[in-house]
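1. pasting the structure only:
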């Protein structure tokens, strides 16, 4: 078998194997380092039967990703949205995803407007691995002045192994009129 094109081990299946049958095989050689969280590895196992008449089906590949234990992030800013007549009390709602392998609770989260002082709150959770949850901040945003605002939100989970996926931003415009 190989990992990312590097041969890891060659072993022999003792058989027998009847025509049309299949069997499971567990390699005893395991020197493959799959320990880097977030990496995706291509694992390939092949047969090499002398005289095989159909070599097209001799290999099987599988992509495997090492999932970090602790990894959450904001994947969308649900509101506010651009429009006319935005107010000084716009609701800020975001979607938080748990990319990690462990359930997460009490996640520090913040939002900023145009890079200003962050509004920090806590997503109570729990958020199961692979799940998303929408969170609505209790503090609202003042978008009452006509113009465009850069709204950003990020999680601040202690021990997050991939902080690069913690933040999402979007521009929200308070327009004086909307053409029809």
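-> That came through fine. Because the structure is a prediction, the values reported are computed rather than measured. Numbering: from 1, shown residues only.
2. got the contact list for the residue sitting nearest the centre point of the chain?
-> Nearest to the geometric centre of the chain sits residue 99, at 4.2 Å (C-alpha atoms, centre = their mean). For residue 99, the contact set (C-beta atoms under 8 Å, 6 or more residues apart in numbering) comprises 67, 68, 71, 72, 73, 130, 162, 165. Where you see a C-beta, it was placed from the backbone N, CA and C, and this is true even at glycine.
3. show the buried residues in those.
-> Neighbour-count burial (16 or more other C-beta atoms under 10 Å) is assigned, among the contacts of residue 99, to 68, 71, 72, 73, 165.
4. can you list those residues in CSV and add secondary structure?
-> Shown next, in CSV, are the buried ones among the contacts of residue 99 (DSSP: H, G, I helix; E, B strand; the rest coil):
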residue, secondary structure
68, coil
71, coil
72, strand
73, strand
165, helix
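5. farthest pair in these?
-> 68 and 73 (11.3 Å; C-beta to C-beta).
6. residues contacting the worst-scoring helix or strand of the chain on mean pLDDT, please?
-> For the chain, the helix or strand with the lowest mean confidence is strand 6-7, at a mean of 88 (criterion: mean pLDDT, DSSP states H and E). With contacts defined as C-beta under 8 Å, 6+ apart, strand 6-7 is touched by residue 1.
7. partner strands of it, parallel or antiparallel?
-> strand 2-3 (antiparallel) (DSSP bridges).
8. quick one: distance of the partner strand to the chain centre.
-> 24 Å (C-alpha atoms, centre = their mean, to the nearest Å).
9. can you pull out the strands in this protein?
-> 2-3, 6-7, 40-46, 59-65, 72-79, 83-84, 93-98, 107-113, 119-123, 132-136, 147-155, 167-175 (DSSP state E).
10. state the distance from the residue lying farthest from the centre of the chain to residue 15.
-> The outermost residue of the chain, judged by C-alpha distance from the chain's mean C-alpha position using C-alpha atoms, centre = their mean, is residue 51 at 44.8 Å. Distance of residue 51 to residue 15, computed by C-beta to C-beta, to the nearest Å: 14 Å.
11. same question for residue 93.
-> 60 Å.
12. more crowded one of these two?
-> Neighbours were counted for residue 93 and for residue 15 using other C-beta atoms under 10 Å; residue 93 has more, 16 against 7.
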